[in-house]
Structures are given as structure tokens and as C-alpha cells.
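Student: Next comes the sequence, and after it the predicted model I'd like to discuss.
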Amino acid sequence: MIAGINTDLIVLGIWGLIFALFIIKLFQSIRLVPTKSAYIVERLGKYHSTLDAGFHALVPFVDKVSYIHDLKEETIDVPPQECFSSDEVNVEVDGVIYISVVDPVKASYGVTDYRYAAIQLAQTTTRSVIGTLDLDRTFEERDVISAKVVEVLDQAGAMWGIRVHRYEIKNITPPETVKNAMEMQVNAERERRALLAKSEGDKQSKINRSEGIKAEMINLSEGEMQKRINEAEGKGEEILTIAKATAESIELMATVIAAPGGKNVVRMQLGAQYLKQLDGLSNGASRVVLPGNMMDFDHWMDSIGLEESKS
């Protein structure tokens, strides 16, 4: 009796486990796929379908979600690696890859691990590209290295179901000795530029100073020339004015002499001037020289007046 009860309990427990397992599988067969995701379903170990975003129901115990892919763009760090440039300098390079899954089926079955494969291919391509460049160009042509890595990864990505958007080099680290030499070179170049700038400044300063002196001398010479021109023009104007006044005086004198009584007026003026000259001689000397005959003065005046009238 007890053995029959135990057997019934065992059977009931087995059916309970089967029912619980069926319920679990039933719930597992219901899949809610998020946006920008893809589920790879296998039926009896063979690829069956790809589930896009939304609600999906699978066949319990038959269908299985084997791979889950995120279709959003993702970032993969490329670990640092040692590379040799064309001038035999060992540098350490690391970077980052931006990729996304475009074909979930190929990403599941075309390669075992597309992330690891992309990292390895990026490293090998980086080593090969840097091997063709010298050390200085590796710092200047990062875009060339990145473009080459993207090109190679795109070719492989077509078979892996991924798309490589870009590859960026984060760091290129040369050895410490090379870094010190580069720093010394940069400092020397900076000092050379400073000396060149200083010499250019001194040169420009001397040029400006000489041009200033030249301009000053030109201004002084032009001022002196203008001064002399003005003085010459002033003297010329003075001479012309004196000549004009003398001519007018002579013309007026001739008019006066030609007028009635003009001779007497001239005689009186000449006599007054003569006496004035005699008065000057008497002030500056102890003796005054007079004509022997003062009457001769009148005859001399008559002759002068006659000559003046004739002229």
C-alpha cells in the first residue's frame, strides 16, 4: 500500500516537473525584441529566421534564439600595440573603431567574433601603414592611416555583416629618448623662430629709422629751398618796387622841371641838400671846406638845372 502511494507521488511529481518545464518553455517562446536589435532563431540547430523589433512567438522545444545583435553603432577600443616606422623607430599606437551590424546573419555565421576580428585587422593594418611612413609623418598623416584601416575593414566587413564607420588613432607614443630628442628639436625650432623674428624686427626698425631720417632731411631741404625761393621772390619784389618807385620819381621830377617855375624849385632843393651836406661835414670835422667863391654855387646850380631841363 505504501509502495503504491510512493509510486503515485513519484509519477505525480514527474508530471508536475514536465508541466512546469512546458510552462517555462512556453514563456520563453514569447519574445519581445527591442528597437535596433535583431534575434537569430535556429530551428533544430539550423538557421530559421531573424526577429526584428516587436512581438514574436516561437515553437517551444523546437525554436531557439542563438544570437542577439545590437544594431546601434558601437565603439570598440583597439589596445596599444608596438609598430616600427620606416626609419626604424618603435612607437606605440592605440585607437578606437566605430562599427555597427548591418547583416545579423553574416555577423552570426560569417565570423566567430566580429569584434575581436575587427580589432585584430585594425592592428595589423595600422602596423603595415606605419611601416611605410617615417616618424614625423606618422604624427602628420593620421588621416591617411585611419582611411586605410577603414578601407581594409570595410572589405572584410562585407563578409562579416558589419560596417566600419571610422577609425581614429588616439595616441602615437614614441620611446622616451625619441620624445626627448623631439622636444629638443621643437625648442631649437622655437628659438630659431624667435631669433629670426627679432632680427626681422631689428631690420624693420633700422629701415623705419633711416626712412624717418631721410624724410626729415628731405623736409628740411625742401623747407630751405622754399625759404630761399621766398627770399629771392621777396628781393625781386623789393627791387621791382624800388625800380618802379624810382621810375615814378624820375618821371615826376621831369614833369616838375618841365612845369613853369620848375627850375627854381629844383635849384632850391639842390641848394638845400648841399647846405645839409655841409652841415654834416661841420658836425664831424674841425674844418669845413667851402668854395672859394660862393657865387660860383649859383652858376653851378644854373648848369645843373640846365642839364636837368635838357635831360
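Tutor: Yep, that arrived.

Student: Residue 46: neighbouring residues, count only.
Tutor: Neighbour count for residue 46, taken as other Cβ atoms under 10 Å: 6. Where you see a C-beta, it was placed from the backbone N, CA and C, and this is true even at glycine.

Student: these two touch, right, residue 114 and residue 160?
Tutor: Yes - using Cβ atoms under 8 Å, residue 114 is in contact with residue 160, at 4.7 Å.

Student: Touching, residue 104 and residue 114? I think so.
Tutor: No - using Cβ under 8 Å, residue 104 is not in contact with residue 114, being 10.7 Å away.

Student: Sketch out the strands for the stretch 1-150 of the chain, chain order is fine.
Tutor: 30-33, 37-43, 46-51, 54-57, 63-70, 74-84, 90-101 (DSSP state E, counting those that start in this stretch).

Student: ok now the first one, how far from the chain's centre?
Tutor: To tie it back to what came earlier, the one meant is strand 30-33. Centroid separation for strand 30-33 versus its chain: 58 Å, with Cα atoms, centre = their mean, to the nearest Å.

Student: Mind jotting down where the helices sit in the protein?
Tutor: When assigned using DSSP state H, the helices of the chain occupy the ranges 2-28, 104-109, 114-130, 135-140, 142-160, 176-258, 262-284, 295-310.

Student: weakest of the ones you listed by average pLDDT?
Tutor: Among these, helix 295-310 has the lowest mean pLDDT, at a mean of 50.

Student: one step back: now the strands of the stretch 1-150 of the chain in TSV, with distance to residue 108 and mean pLDDT?
Tutor: As requested, the strands of the stretch 1-150 of the chain are exported to TSV (distance: least, Cβ to Cβ, whole Å; pLDDT from 0 to 100):
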stretch	distance to residue 108	mean pLDDT
strand 30-33	15	86
strand 37-43	5	91
strand 46-51	8	90
strand 54-57	17	86
strand 63-70	4	89
strand 74-84	16	90
strand 90-101	9	91
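
Student: Which of those sits closest to residue 222?
Tutor: Nearest of the strands of the stretch 1-150 of the chain to residue 222, taken as Cβ to Cβ: strand 90-101 at 68.1 Å.

Student: Could you measure from residue 20 over to residue 26?
Tutor: 11 Å (Cβ to Cβ, to the nearest Å).

Student: Neighbour count: those two, which is higher?
Tutor: The neighbour count for residue 20 versus residue 26, taken as other Cβ under 10 Å, is higher for residue 26 (13 against 10).

Student: In this model residue 59 seems to touch that one, though I could be wrong.
Tutor: No - under the contact definition of Cβ under 8 Å, residue 26 does not touch residue 59, with a separation of 10.4 Å.

Student: neighbours of residue 252, just the number please.
Tutor: 10.

Student: before we move on, back to that, reformat the strands of the stretch 1-150 of the chain as a markdown table; add distance to residue 227.
Tutor: Listed next are those as a markdown table, based on distance: least, Cβ to Cβ, whole Å:
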| stretch | distance to residue 227 |
| --- | --- |
| strand 30-33 | 102 |
| strand 37-43 | 98 |
| strand 46-51 | 103 |
| strand 54-57 | 103 |
| strand 63-70 | 94 |
| strand 74-84 | 81 |
| strand 90-101 | 76 |
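
Student: dump the residue contacts of residue 35.
Tutor: The contact partners of residue 35, taken as Cβ atoms under 8 Å, 6 or more residues apart in numbering, are residue 53.
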